[in-house]
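In: have a look at this fold, sequence not included:
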């Protein structure tokens, strides 16, 4: 085992709740609520019911661990599987930029399912989740960009992140964490090929990452041994699935850098490349007290990647295309003040005011914006008003990024809108869930959560 | 989709029981019995009970599909998982040389578990198993040697082989088989790194390959879509996990070449590099009517690979080392007439006659044997007798290879010895199981099998 894997497993085994700064614990609760909203938002949407039926067919039809989308329950394995499938579907879950990992959709399904099974407390759930985030993000950074070109990091690395979270709930020592990484890493799988066909594998990936990680942890508890150097070994993950792995990332500032707090919330329900401009426009309109009908044109100054990804769609034909239409996104923002799931499904394709605004929007490449990317996602818009004024809007960090994070009120609002979107819970129930999450640190019985 | 993947999925969808030659069906029954023996032989041995406990904890505690090692049952998923773990442990299961795939330990656990769940007949089970073998072997050959250097082919390709078998039981059409390969291929995982530490991952690999393949098939039945070109696509399996993939292997003589029949049975319980010499010695002793104590020395003429792998162990300290000791293996053969699991566990380290014979054995490199390897595993021995004669023994195909396959009597004998080794079943029960397998083609109800 290398010094880096050694340092990582030592950190994971030694991590105590008391070591974690209050702000990080609070952010973990924020991320948990955000994740729960994403899981509930997909209720009834393809392909989630397929996973529900599979769990019914293969698993116990009730158990200690909650399945959110159908108010059901099962063993921890199947709860992790279905909740893992459901929480990445509407793509409103969190993202860690430098690891290109969506940690919530793999860590929380496994951690909560195991915590409910093992009758753990809210504090133990938070500690385990932090461990999963810290390990997963560092392993994602370790495997690097070459890995992400072929492999879906949230699937591959997600298996280890989920495993670590459950291992922490099982109170593993360093030796067990090493075996656990071995057994989780040798199950790590997930290829991007499905994107070409818009196939359902993204849900399979997050489902399996959460469930396989949990499986690895429970088998490790029983005594299953694993490779001691699965990350860096000659026939390990990096050897097989990366050409630019950087082992020093594995132990990067353990215990002082809290990678969990670097995770971004997704605020708008659109492609992230539209977010900087959307935020800059919203800021400008609020600052100037402008209404949509007072705007004659909007020029967004963007990075090249935004033009590459967004450039093709002019008049969107599907909700998915609308999320990649800069004009439509800014139209929803300008006319309705937000671009959430409900706005996309109810207004993006049908509201004439949105369509009219869409046609006023253009994109041009901005050297400053392009130079800052991808470290910083700068938002720059130029607005011409109907009365002839030229106004500038700018934000330096999109809403939801760590330096411009969502307030608890904004998170609650997003959560309520996600739950309302699928009708998975009533407004009252949504309110109760919010209260449950904000009380996590004091909760001793998680069995009713969800 | 390429022509090769297209041809493969078309073949799988169209394959009918009536197309399969009688000899191939009979060989499938042979392989099935051989597999069942391997599964039962591991009862009680680490790490199999870990998987049993996990299945108890996470799955239904009874169900339509049998778990062999503990006479239990569960849903198809958990039966595939536990039976997949157990059938590769004693390493007496089959091997297909050019794909470096052990097909039985991944195909049969999934196929039988699903067949019992779906109330399929013996013929449907055989048809499904043939489909799994034909697809798995070709996909293994397609991914090539570069894949095998890092990835455990029986784990990765095994997932697809298992999936195909279950897909055939579910009567998939070509479109479903394409989705199925996508969903199975994107789960394919398994790294050789565990070998360095002699960790338990080999059992995890076969368990997961069988179970994940089954999961992919059941989800495909529900309507889950998968990548259309998972094998050959730009972000597919070959792109991520091979540098010498040969797509033409995928469609190699479909329907005329029966790759299943190329699979080797393992006859001796030792490292396969010892088998050619063991068979040559046995043939010589039988031909000459020689007893062990009439032999003064044995020189085995071997390929370089045998010297590389076997060369180091002189006096074995463990059963595992004894299996890699040429002298010990020939000692068991000469003194006891066989080198099965029981002989290794009861005699290899303790019998003075075996130890005495061991010291009479040497290995030398033979250019002819080395040149023929790995396509042919030639066995050549030179024996000097105590009365001064010099005798030659030779076999051109080790016992168990397709051209020198085991008779049903030999398979039954191997099966009985495997079952006796673990005491998983009584001798009478073993006999009944043998009869059940030989009647597979006429069986309409598989629920009691196992």
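Out: Nice, thanks for sending it over. As the structure is a prediction and not an experimental result, all values here were calculated from the model.

In: what's near enough to touch residue A:363?
Out: For residue A:363, the contact set (CB atoms under 8 Å, 6 or more residues apart in numbering or on different chains) comprises A:299, A:300, A:302, A:306, A:307, A:310, A:311, A:326. In short, each C-beta sits where N, CA and C put it, glycine included.

In: give me the element it is part of.
Out: For residue A:363, the host element (DSSP states H and E) is strand A:361-365.

In: for residue A:73, same thing?
Out: Using DSSP H and E, residue A:73 maps to strand A:72-74.

In: ok, and what's touching that strand?
Out: Contacts with strand A:72-74, where a contact means CB under 8 Å, 6+ apart, come from A:52, A:55, A:59-67, A:79, A:82.

In: compare those residues and tell me which is most surrounded.
Out: residue A:82 (34 neighbours; other CB atoms under 10 Å in any protein chain shown).

In: check which helix or strand covers whatever residue of the stretch 251-400 of chain A ends up closest to chain B.
Out: Residue nearest to chain B within the stretch 251-400 of chain A: residue A:320 (15.0 Å; CB to the nearest CB). According to DSSP H and E, residue A:320 maps onto helix A:319-322.

In: from the contact counts, what lies against that helix?
Out: In this structure, helix A:319-322 packs against helix A:341-346, with contacts taken as 3 or more CB pairs under 8 Å, 6 or more residues apart in numbering or on different chains; DSSP states H and E.

In: ok, now which ones touch the spatially most central residue of chain A?
Out: In chain A, the centroid-proximal residue (CA atoms, centre = their mean) is residue A:94; its distance is 2.5 Å. Contacts were defined as CB under 8 Å, 6+ apart; by that measure residue A:94 touches A:31, A:34, A:35, A:102, A:103, A:104, A:263, A:264, A:265, A:266.

In: closest one of those to residue A:198?
Out: Minimum distance to residue A:198 across those is 18.1 Å, recorded for residue A:102 (CB to CB).

In: contacts only, for that closest one.
Out: Going by CB under 8 Å, 6+ apart, residue A:102 touches A:88, A:93, A:94, A:95, A:96, A:154, A:158, A:206.

In: can you pick the most crowded of those residues?
Out: Using other CB under 10 Å as the neighbour definition, the contacts of residue A:102 reach their maximum at residue A:158, which records 35 neighbours.

In: okay, that one: pLDDT?
Out: Model confidence at residue A:158, given as pLDDT, is 98.

In: any idea how far chain B is from it?
Out: 12 Å (CB to the nearest CB, to the nearest Å).

In: what helices or strands is whatever helix or strand that residue lives in leaning on?
Out: Taking DSSP H and E as the definition, one finds residue A:158 inside helix A:153-169. Packing partners of helix A:153-169 (3+ CB pairs under 8 Å, 6+ apart): helix A:3-14, helix A:104-118, helix A:122-150, helix A:174-185, helix A:201-222.

In: for residue A:395, which of those is the nearest?
Out: Between residue A:395 and those, the shortest gap by CB to CB is with helix A:104-118, which sits at 24.0 Å.

In: can you list the residues of the stretch 1-150 of chain A near chain B?
Out: Residues of the stretch 1-150 of chain A lying close to chain B (CB under 8 Å from any CB of the partner chain) are A:46-47, A:50-51, A:53-54, A:57-60, A:75-78, A:149-150.

In: ok, now with 7 Å
Out: Taking CB under 7 Å from any CB of the partner chain as the measure of proximity, the stretch 1-150 of chain A contacts chain B at A:47, A:50, A:53, A:54, A:57, A:58, A:59, A:60, A:75, A:76, A:77, A:150.

In: is the last one in contact with residue B:235, as I believe?
Out: Yes. In this structure, residue A:150 is within contact of residue B:235 by CB atoms under 7 Å, at 5.1 Å.

In: need the residues touching each of those two.
Out: Listed contacts common to residue A:150 and residue B:235 are A:191, A:192; contacts here mean CB atoms under 7 Å, 6 or more residues apart in numbering or on different chains.

In: neighbours of the closest residue to residue A:373 other than its chain neighbours, just the number please.
Out: Nearest-residue entry for residue A:373: residue A:303, 4.0 Å, with adjacent residues in sequence omitted and distances by CB to CB, 6 or more residues apart in numbering or on different chains. Residue A:303 sits with 22 neighbouring residues when counted by other CB under 10 Å.

In: measure residue A:303 to residue A:92 for me?
Out: Relative to residue A:92, residue A:303 is positioned 23 Å away (criterion: CB to CB, to the nearest Å).

In: distance between the ends of stretch A:340-358?
Out: As for stretch A:340-358, its first-to-last residue distance stands at 17 Å under the measure CA to CA, to the nearest Å.

In: one step back: among the residues of the stretch 1-150 of chain A next to chain B, which two are most distant?
Out: The distance between the two most remote of the residues of the stretch 1-150 of chain A next to chain B (CB to CB) is 36.4 Å, for A:60 and A:150.

In: where does chain A dip in pLDDT?
Out: When the per-residue scores of chain A are filtered using pLDDT under 70, the ranges that remain are A:312-313.

In: domain ranges for chain A, per the record?
Out: Residue ranges of the domains in chain A are recorded as A:3-266+A:411-442, A:272-395, according to the TED database.

In: comparing the helices and strands packed on helix A:153-169, which comes out most buried?
Out: Among these, judged by mean count of other CB atoms under 10 Å in any protein chain shown, the one packed with the most neighbours on average is helix A:104-118 (a mean of 31).

In: so what touches it?
Out: A:31-32, A:34-35, A:64-66, A:76, A:79-80, A:83-84, A:87-88, A:93-94, A:124-125, A:128-129, A:132-133, A:136, A:154, A:158, A:161-162, A:165-166, A:169, A:206, A:209-210, A:213-214, A:446-447.

In: burial count for residue A:375?
Out: Here the number of neighbours of residue A:375 (other CB under 10 Å) works out to 8.

In: let me fix that, I meant to ask about residue A:428.
Out: Around residue A:428 there are 8 other residues, counting by other CB under 10 Å.

In: the strands in the stretch 251-400 of chain A, which residues?
Out: Along the stretch 251-400 of chain A, the segments classed as strands by DSSP state E, counting those that start in this stretch run A:295-302, A:361-365, A:379-385, A:390-395.

In: show me what the third one is packed up against.
Out: For strand A:379-385, the packing partners by 3 or more CB pairs under 7 Å, 6 or more residues apart in numbering or on different chains; DSSP states H and E come out as helix A:275-288, strand A:295-302, strand A:390-395.
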